[in-house]
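Peer 1: mind folding the following:
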Amino acid sequence: MNLSFLIVNADDLGMTHSITDGIFLAHSHGILTSASLMPNMPAAEYAVERLQDTRTLGVGCHLNICQGRSLLHLSEVPSLVDSSGLFHPPLEMARRLWRWQVNPREIEAEFRAQLRWVKIHGISPTHADSHHHMHLYPAAAVPFARVLASEGVFCARSSRCAVFPRPHSLGGPHEGGPLRRILVGFYRTALQSTIFRRLISPDARISFLSRDRNNPSALAARRSTALHHLPQGIFELACHPSLPRSSDGAALDAICSQREEELRWLVNPELRAIIAGCGIRLISYARLPSARASLDATRTAAA
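Peer 2: Here you go, the predicted model:
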């Protein structure tokens, strides 16, 4: 039997009360093992309060430079925010990051402020990732790696994505034609082996082809199929569960129905049966280093 480890990580902890409550429900009654906290969002303090009664959930930091207000004053991060101190929205921030129209020192300062917020509130972050994967863009990759190294965070989400079973088409689970998909996959693999090489990461993040991601009714089946085809290694399944939206999420969340569907999938008892039947070991990011050592030892012994 393959030695397969799976981290089931929920993004956006602390974005809203309904999202936060959904994440805790998915952990207590489902397969969720880990979550990434957003320090600058409205329900962050509420999430910290709830964590006092939940010690089994691994918690990392969901570094955020594309939604809400910066933790630092706008005078300290002028290239990241508008005149009111709000971050530029995701599409605009992505464009600025690709064109180096932001100051990497400001990204590093804001990332550091957010990680330290997590620590000040009594949480030792098990890992870090970023909202809308902004840390993967050229201008943000080095600041991300520098902050994690200096703040003693050793684990991070893999920049690589993988589809299981592997598709016959060229390229990975990225948008665009074959050439773009190949180039994006090459870029993300290069990031993992260069700038992020000192970080401990899963082998890949389980992803899905765009036609599946955009079909909520079929996505649950695709996730189950991926689990059945999971090879030996360590993988992350990122998710975004939530209870039905409350008033605090009305202006913040554009994927409410998807979040509610993901929560129903995560707490489905049949899913835990699939994982057990496939011999998959559920872990959080807190156990990633030991799982990596165990897997490396197994591979060495088999060589």
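Peer 1: any idea which strand is longest in this structure?
Peer 2: Longest strand in the chain, counting residues (DSSP state E): strand 4-13.
Peer 1: partners of it, with directions?
Peer 2: strand 34-37 (parallel), strand 233-239 (parallel), strand 280-283 (parallel) (DSSP bridges).
Peer 1: average pLDDT for the longest one?
Peer 2: For strand 233-239, the mean pLDDT works out to 97.
Peer 1: in it, which residues are buried?
Peer 2: For strand 233-239, a neighbour-count test (16 or more other C-beta atoms under 10 Å) marks G233, I234, F235, E236, L237, A238, C239 as buried. The C-beta positions use only the backbone N, C-alpha and C, and glycine is treated the same way.
Peer 1: report the buried residues of the helix or strand harbouring R299.
Peer 2: For R299, the host element (DSSP states H and E) is helix 288-302. Going by neighbour count (16+ other C-beta under 10 Å), the buried part of helix 288-302 is L288, A291, R292, L295.
Peer 1: the first one is in contact with F235, isn't it?
Peer 2: No - in terms of C-beta atoms under 8 Å, L288 does not count as a neighbour of F235; the distance is 11.0 Å.
Peer 1: identify the contacts common to these two.
Peer 2: I7, P202 (C-beta atoms under 8 Å, 6 or more residues apart in numbering).
Peer 1: apart from its neighbours in sequence, what residue is nearest L74?
Peer 2: G85 (4.0 Å; C-beta to C-beta, 6 or more residues apart in numbering).
Peer 1: quick one, phi/psi of that neighbour?
Peer 2: phi 90, psi 10 (degrees, to the nearest 10).
Peer 1: which parts of the stretch 201-303 of the chain are helices?
Peer 2: Ranges of helices in the stretch 201-303 of the chain, per DSSP state H, counting those that start in this stretch, are 210-213, 216-228, 256-266, 269-277, 288-302.
Peer 1: specify the stretch among the ones you listed that is closest to P143.
Peer 2: Smallest distance to P143 across the helices of the stretch 201-303 of the chain (C-beta to C-beta): 22.3 Å, for helix 288-302.
Peer 1: how about the CA coordinates for the closest one, as CSV?
Peer 2: Below are the C-alpha coordinates for helix 288-302, written out as CSV (Å, rounded to 0.1, in the frame of the first residue of the first chain):
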residue,chain,number,x,y,z
LEU,A,288,4.3,17.7,8.1
PRO,A,289,8.0,17.6,9.1
SER,A,290,7.7,14.2,10.7
ALA,A,291,5.6,12.9,7.8
ARG,A,292,8.2,14.1,5.4
ALA,A,293,11.0,12.3,7.4
SER,A,294,8.9,9.1,7.5
LEU,A,295,8.3,9.2,3.8
ASP,A,296,11.9,9.9,2.9
ALA,A,297,13.0,7.0,5.1
THR,A,298,10.6,4.7,3.3
ARG,A,299,11.8,5.8,-0.1
THR,A,300,15.4,5.4,0.9
ALA,A,301,14.7,1.9,2.2
ALA,A,302,13.0,0.9,-1.0
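Peer 1: now that helix against strand 4-13, angle please.
Peer 2: Compare the direction of helix 288-302 with that of strand 4-13 by axes from the mean of the first three to the mean of the last three C-alpha atoms, to 10 degrees and you get 160 degrees.
Peer 1: tell me the mean pLDDT for helix 288-302?
Peer 2: Across helix 288-302, the average pLDDT comes to 88.
Peer 1: do stretch 16-24 as well
Peer 2: Stretch 16-24 shows an average pLDDT of 96 in the prediction.
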